[in-house]
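A.B. asks: Need coordinates for the below:
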Amino acid sequence: MTAQVATLDRQVPPHHREAVSRILAAAPPGIPIHALVNSATIAAWALRPDDLRSLTLGQYTDLVMAAAFPVGLRIALRHRGDRRHIRTVADEITRHIALHFN
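C.D. replies: Next comes the predicted model:
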């Protein structure tokens, strides 16, 4: 079995570029919001609903980038990148995906 790795080091989809730019511009230097969103994406994938069970971690990460990346960044910024809030960010990612795809 091949180890799966989540990384949000992907191109930001064109429809999210403006929102992501605004969020990143508002983030103080040194706040690890990308790391928090990356960890939350892994947690959200692990806790994904049954109808998304067939997705690999890479596919789920692509889905997050397409559907919920700015939401994750916004919540991570609100919590200043604090890793104690991984579940909060993961829940928001999951909720946002469910709104769009259910």
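A.B. asks: List the contacts of P32.
C.D. replies: 81, 83 (Cβ atoms under 8 Å, 6 or more residues apart in numbering). The C-beta positions use only the backbone N, C-alpha and C, and glycine is treated the same way.
A.B. asks: Let's see that with 6 Å instead.
C.D. replies: G81 (Cβ atoms under 6 Å, 6 or more residues apart in numbering).
A.B. asks: A90 now?
C.D. replies: 40, 43-44.
A.B. asks: same thing but 10 Å
C.D. replies: Contact analysis of A90 by Cβ atoms under 10 Å, 6 or more residues apart in numbering lists 36-37, 39-48, 72, 75.
A.B. asks: Could you tell me the end-to-end distance of stretch 48-65?
C.D. replies: 16 Å (Cα to Cα, to the nearest Å).
A.B. asks: count of residues packed around I86?
C.D. replies: By the measure other Cβ atoms under 10 Å, the count of residues near I86 is 21.
A.B. asks: That one and E92 touch, don't they?
C.D. replies: No - applying Cβ atoms under 10 Å as the test, I86 and E92 come out as separate, 11.0 Å apart.
A.B. asks: Good, we can wrap up now.
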